[in-house]
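>>> need coordinates for the following:
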Amino acid sequence: MLHKIVLCLCLAGFMSSSMAAKDVTADQKKLAQTVFELERSVAILQLSTASLGDYQSLSTKMAHVKSLEYRVNFLGNLTFLLCMSLVVFFFRLRHQQKRLAALESRLDRQEIGAVNKDD
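Take a look at the predicted model:
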């Protein structure tokens with residue numbers, strides 16, 4: 001009987017600790033959600049109290065960022081085209097080397113054949 005009571009107390013202790021852990025994580029999630037909503041509210045409030053000068057400076061900064069984006073896109077495309085032209089160049093160079101090697105071997109065979117005829 002004593003063993004059963006001790007076993008029940010141990011199980012109750014484990015159950016209460018696991019339930020307490022679930023409550024803590026639920027409270028943390030609720031707290032994090034509340035903090036997020038408060039930060040969002042502060043950001044909305046700051047935007048609503050911004051002056052015309054703030055909007056104009058934000059607009060010029062956005063235009064500057066857009067121009068930088070266009071430059072980066074152009075440079076990226078240019079780099080890609082240069083790399084592709086290098087690949088094509090190296091393939092053509094390899095093809096030319098093969099043709100030159102075949103021509104040289106054919107000339108060597110012709111010279112060997114001409115030397116054999118002279119003997």
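>>> and the protein, what are its domains?
With automatic domain parsing as the criterion, the domains of the chain are listed as 1-49, 52-119.
>>> go through these and find the least confident stretch.
Ranked by mean pLDDT, those bottom out at domain 1-49, with a mean of 73.
>>> quick revisit: now mean neighbour count too, for the domains of the chain, in a markdown table please.
All C-beta atoms are positioned from the backbone trio N, CA, C, and that covers glycine. Written out in a markdown table, the entries for the domains of the chain read as follows (neighbours: other CB atoms under 10 Å):
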| stretch | mean neighbour count |
| --- | --- |
| domain 1-49 | 9 |
| domain 52-119 | 10 |
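>>> tell me where the longest helix sits in the protein.
Identified as the longest helix of the chain according to DSSP state H is helix 52-118.
>>> give me phi/psi at residue 36?
Its backbone dihedrals place residue 36 at phi -60, psi -40, with angles given as degrees, to the nearest 10.
>>> and it, how far from residue 29?
With the distance defined as CB to CB, to the nearest Å, residue 36 ends up 11 Å from residue 29.
>>> repeat that for residue 5.
The separation that residue 5 has from residue 29, given CB to CB, amounts to 37 Å.
>>> what do you get for residue 75?
Separation of residue 75 from residue 29 (CB to CB): 45 Å.
>>> again, but for residue 91
58 Å.
>>> and residue 114, by the same measure?
Residue 114 is 92 Å from residue 29, by CB to CB.
>>> residue 94 too?
As it turns out, when the distance is counted by CB to CB, residue 94 lies 62 Å from residue 29.
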